Structure formats: C-alpha cells, structure tokens
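*Asks:* Output the structure for:
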Amino acid sequence: MHNLAEIATLFDMRADFVHGHPYGSGHINDTYCAYYDQSGQRIRYIHQRLSTEAFKKPIELMENVGRVTSHSLNQLLEDGNPEARRRTLTCIPSIKGEPHAIDADGNCWRTYPFIERARTYDTIESEAQASEAARAFGEFQKLAATMPGEPLHETIPGFHNTKQRFEHLIDAIEADTHNLAAGVQKEIDWFMARQSEGSKVVDMLEAGEIPLRVTHNDTKLNNVMLDDVTGEGICVIDLDTTMPGSAVYDFGDMVRTATSPVAEDEIDVSKITMRMHMFEALVKGYLSSAGSFLTDNERSLLAFSGKLLTMECGTRFLTDYLKGDVYFKIHRDGHNLDRTRSQIALAESITAQMDDMEALVAKYSI
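*Replies:* Numbers count the residues shown, from 1 in each chain. All right, here's what the predicted structure looks like:
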C-alpha cells in the first residue's frame, strides 16, 4: 500500500484527500480508488502506479495517453456531448502540468477521475454487450482519428507486427533451445503454410494502402465500461498500449477474444468455434461508430482481421513454448502449447465461415 496522501500532493487535485484502498483486478499496475472531499462533497479518483517492468517507457506512454485523452475530451466538448467527461478518461495534471507525476522513489503515477455508474465485465454476457463494447472502441478510434500533430510514440515496437511475429517463430524453431520442435511439427507446419497471410496488413501499411491510425491495441471487451442502467458503452479504459497501428488490429482482437465460447487455453478444441451471432454483434456495433471514417480497404480487411490476430497470438504462444515458457505465465506443463492449439482451432473456424463474415461486413457497411 503506497502513501496515497503523499501521492495526492503530486497532482493538482483541488480537493482534500480522505482515504483510499487498492482497487480492481489488474495484474500489472498498482491501482487505488481514492476518496476526496471537495467543498463538502465526496468524490472519487483513480491513482495508478505504472509498472516499469511491463512498460519500459512510462513517460512516452503517458505522453500518448495525455494527448489522446485531451484531444478526445476537446472533441466531445466541441460536439456538445453532455457527458463529455464521462465518455473519456481524463488525466488530472500534476503540479508541474504534466499528465503524470514522479514520486520520491522514481515511480511514475497518473490520476483519473472515477467513472461513476458504470463497470466492466470480465465475461461478455450478451450480444448487446458485445455490440456496445465494439461501438465504444470504434468511437475511441473515431475521436482519435482527428488528432493533429506527429504520430504517437511506439512504446512497444512491433506489438502487432504479425510479419515480425512469424519471423520470431522461425528463429525459435531454428534455435530449438529446448529440443521441442520435433514434437510440434504439425503446429509448425500449420503456421508456415500461412506465413504470407501474416504479412498482409503490414505490407498494406508500408505501401500506404491503409492509413496508420491511433489504435488501442488491447481491445479485450473488459476494457470498456458499460453504463449500469442503460448498458451503453461509456468509456474505453486501459490505454497503456495506445500507439500507432491499424484500425483492423483493434477489430481483429475483438473477434479473437469475444467470439469463442471458451477460454483461450481450452484443451478440448472441439469446443472452439467462431460464433457468428457474436461476430455480427461486433460488426454492427463497430461500424455504427467507425464506419464513418474507415476506408474501403480497411473495411475489406475486417473479416480477415479476426483470423490475422488469432494467428498472431498463436505464433506468440508457440514461440514462447519453444523457448521454454519465458514470457507468458503458465499454470501447467504444455500450457502455451494448449493455447497455441486453441488459436489454431479458432483460426480454422474463422476461415471456414469467412464468406458469411464478409457478407455481414457488407450488410452493415451500407
């Protein structure tokens, strides 16, 4: 437990600190909910200490977050949105006027107003929730699409560079430091047969055929707060991976994480399928907000993007397995191999339904 009273003095709070406690279920940053008194009214804020083990460039990360949230708020205010300050995270400035503050121990902190009367869901419970979350991510991209100035910092180089992820897998196969490659030749062959597909979006970005955009890059549906009463997607959170990328990366990761009925480490791959009704909910919600700015080439990649991000994640799991499980946390022998096989099964299910997925994208693009 950090001394939140001291942390409060680092920010321009304009309220008196009362008390605070650890908050949320995140495993990376230290998060606290803090109560303040503002002229007799009790209000809440979120204080977070960024993990410098996970994020090697916290200052650049916070410059990205500060730019995106400030621009989004200004856009919402210009549009006359009556809930502008509830529709985006807002960085409380430090006493130095920056979106972050450094404490006496060198820790990097940030502070957000607490988004009241809304919550996140670890498991999406309905098509309506999936649609609203996808709409919110599209709205996030839409607001950021008009942000002026230089591109954001690339705080995690190559994060969604699927071409590079395949190259890393090949390096791990050739090194075979733990003599595991022979036992997973079937999985290796599956990925190698699809290596050219992994380069598709990267090549289009490099050729200027699709634009580089501000993207969230971690579009799990529990990174959207849904209104407690209406169920509407209110605010996109967890902006630590926000940086330049392709809009289709964000949509593809929604497909990967939301359409399968089981966890990504499911051992029984017969249970894994891309549920078309959930995909339709995602397409409907996403295009209702993002449809106004996406190019034709970006739209043409939406169905494929789910397969792309699933393959990308699969290469990462298999690479880690071959290296001896050095990156992803495992809870049993062969855990990363189980994850690899689940991603292969999901990608195959997506492939088998690609024509119907393309038709749904066309339906909601009208």
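*Asks:* how long is stretch 242-253 from one end to the other?
*Replies:* Stretch 242-253 has its terminal residues 14 Å apart, counting by C-alpha to C-alpha, to the nearest Å.
*Asks:* for the chain, which residue is closest to the average position?
*Replies:* Most central in the chain under C-alpha atoms, centre = their mean is Asp218, positioned 1.2 Å from the mean C-alpha point.
*Asks:* Tell me the secondary structure at the residue lying closest to that one once chain neighbours are set aside.
*Replies:* Taking C-beta to C-beta, 6 or more residues apart in numbering as the measure, Asp218 lies nearest to Thr241, with 4.6 Å between them; neighbours along the chain are not counted. All C-beta spots, glycine's among them, are computed from the backbone N, C-alpha and C. Taking DSSP: H, G, I helix; E, B strand; the rest coil as the rule, one finds Thr241 in the coil state.
*Asks:* quick one: contacts for Thr241?
*Replies:* Contacts of Thr241 were listed using C-beta atoms under 8 Å, 6 or more residues apart in numbering, and they are Thr155, Ile156, Phe159, His216, Asn217, Asp218.
*Asks:* where's the last one relative to Ala303, distance?
*Replies:* When you say that, I think you mean Asp218. 21 Å (C-beta to C-beta, to the nearest Å).
*Asks:* ditto for the first one
*Replies:* Thr155 is 29 Å from Ala303, where distance means C-beta to C-beta.
*Asks:* Need phi/psi at the nearest residue to Gly24 once chain neighbours are set aside.
*Replies:* With C-beta to C-beta, 6+ apart as the measure, Thr31 is the residue that lies nearest to Gly24, at 4.7 Å, once sequence neighbours are left out. The phi/psi pair for Thr31 (degrees, to the nearest 10) reads phi -120, psi 140.
*Asks:* Distance check, Thr31 against Gly306.
*Replies:* Thr31 sits 30 Å away from Gly306, going by C-beta to C-beta.
*Asks:* the more surrounded of the two?
*Replies:* Under the neighbour definition other C-beta atoms under 10 Å, Thr31 and Gly306 were set side by side, and Gly306 has more, 30 against 14.
*Asks:* was I right about the more buried one contacting Ile350?
*Replies:* Yes: with contact defined as C-beta atoms under 8 Å, Gly306 and Ile350 form a contacting pair (5.2 Å).
*Asks:* where along this structure do the helices fall?
*Replies:* Using DSSP state H, the helices found in the chain span residues 4-8, 58-78, 127-144, 162-175, 185-192, 195-198, 200-206, 247-258, 276-290, 296-300, 302-323, 335-352, 354-364.
*Asks:* Of the ones you listed, which is nearest Gln41?
*Replies:* Comparing these by their distance to Gln41 (C-beta to C-beta), the top pick is helix 4-8, with 16.6 Å.
*Asks:* Which residues belonging to that closest one are considered buried?
*Replies:* Of the residues in helix 4-8, those scored as buried under the neighbour-count criterion (16 or more other C-beta atoms under 10 Å) are Leu4, Ile7, Ala8.
*Asks:* Quick check: which helices or strands does that helix pack against?
*Replies:* strand 16-22, strand 30-38, strand 41-49 (3 or more C-beta pairs under 8 Å, 6 or more residues apart in numbering; DSSP states H and E).
*Asks:* Give me the distance between that helix and the centre of its chain.
*Replies:* The chain centre lies 29 Å from the centre of helix 4-8; the measure is C-alpha atoms, centre = their mean, to the nearest Å.
*Asks:* Need the residues that contact it.
*Replies:* Here helix 4-8 makes contact (C-beta under 8 Å, 6+ apart) with Phe17, His19, Gly20, Tyr32, Ala34, Tyr36, His47, Ala101, Asp103, Ala104, Trp109.
*Asks:* How about the contacts made by the residue lying closest to Met354 once chain neighbours are set aside?
*Replies:* Take Met354 and drop its neighbours on the chain: the residue closest to it by C-beta to C-beta, 6+ apart is Ala303, 5.9 Å away. By C-beta under 8 Å, 6+ apart, the contact set of Ala303 is Met354, Met357, Glu358, Leu360, Val361.
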